[in-house]
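Trainee: starting from these lines, generate the structure:
(one chain, ligands or ions: 1)
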Amino acid sequence: NQIRINISINGESYEVQVDPEMRLIDLLRDKLGFTGTKEGCGKGECGACTVIMDGKTVNSCLVLAFQADGKEILTIEGMGTLDNLHPIQEAFIRNGAVQCGYCIPGMVLSAKSLLDKNPAPTEEEIRRGISGNLCRCTGYQKIVDAIKDAAA
Ligand code: FES
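Mentor: Below you'll find the model as predicted:
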């Protein structure tokens with residue numbers, strides 16, 4: 001009893017069969033190879049698995065794959081490539097905002113979602129925008145600086 005879904009990921013369409021209980025993160029990582037999406041807690045608390053679905057950030061560990069039927073997903077692979085980074089990614093590097101890197105795909109997508117809605121956020125708005133994304137290394141200040149820089 002698999003379910004056939006149509007999903008757009010980073011602008012490309014995929015038609016896939018999924019188990020009813022498969023999570024979106026597993027579809028992305030295990031079935032389709034978008035391993036830039038990271039799993040931390042697996043229960044909606046850390047934000048490492050953040051992707052953008054129809055313009056809004058979601059925790060892909062909390063969304064079932066079939067719920068993404070007909071939706072547009074943006075993962076970190078759709079933001080930039082090594083030789084053509086997205087300006088937000090460049091700002092993260094410029095500001096030394098990346099340490100172990102595990103939270104960064106989710107951070108970058110939350111930053112994108114924030115800046116798409118609010119191109120000139122205050123520091124407080126930035127902190128609120130990334131409040132669902134936990135980072136154990138940086139103490140957040142450099143990440144906040146990077147997002148401010150990307151907005152400038
Ligand atoms: Fe999804 Fe932590 S892995 S929120």
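Trainee: from the contact counts, what lies against the helix ranked longest in the chain?
Mentor: Determined from DSSP state H, the single longest helix within the chain is helix 104-117. When contacts are defined as 3 or more CB pairs under 8 Å, 6 or more residues apart in numbering; DSSP states H and E, helix 104-117 sits against strand 50-53, strand 56-59, helix 87-94, helix 123-129, helix 141-151. Glycine gets a C-beta too; all of them are placed from N, C-alpha and C.
Trainee: JSON lines for the ones you listed, including mean pLDDT, distance to the ligand and mean neighbour count?
Mentor: Written out in JSON lines, the entries for the helices and strands packed on helix 104-117 read as follows (pLDDT from 0 to 100; distance: least, CB to the nearest ligand atom, whole Å; neighbours: other CB atoms under 10 Å):
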{"stretch": "strand 50-53", "mean pLDDT": "98", "distance to the ligand": "7", "mean neighbour count": "24"}
{"stretch": "strand 56-59", "mean pLDDT": "98", "distance to the ligand": "4", "mean neighbour count": "19"}
{"stretch": "helix 87-94", "mean pLDDT": "98", "distance to the ligand": "20", "mean neighbour count": "18"}
{"stretch": "helix 123-129", "mean pLDDT": "98", "distance to the ligand": "16", "mean neighbour count": "15"}
{"stretch": "helix 141-151", "mean pLDDT": "98", "distance to the ligand": "17", "mean neighbour count": "21"}
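Trainee: closest one to F34 among those?
Mentor: With CB to CB, the closest approach to F34 among the helices and strands packed on helix 104-117 belongs to strand 50-53: 8.5 Å.
Trainee: strand partners of that closest one, parallel vs antiparallel please.
Mentor: strand 56-59 (antiparallel), strand 72-74 (antiparallel) (DSSP bridges).
Trainee: and these as TSV, adding distance to P105?
Mentor: Conversion of the strands paired with strand 50-53 to TSV gives the following (distance: least, CB to CB, whole Å):
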stretch	distance to P105
strand 56-59	12
strand 72-74	11
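Trainee: so which of those gets nearest Q89?
Mentor: Counting by CB to CB, Q89 lies closest to strand 72-74 out of those; the figure is 13.4 Å.
Trainee: what sits up against that closest one?
Mentor: Strand 72-74 is contacted from outside by 7-10, 24, 28, 51-55, 109, 112, using CB atoms under 8 Å, 6 or more residues apart in numbering.
Trainee: 7 Å instead?
Mentor: Residues external to strand 72-74 that are found in contact with it (CB atoms under 7 Å, 6 or more residues apart in numbering): I7, S8, I9, N10, V51, I52, M53, D54, L109.
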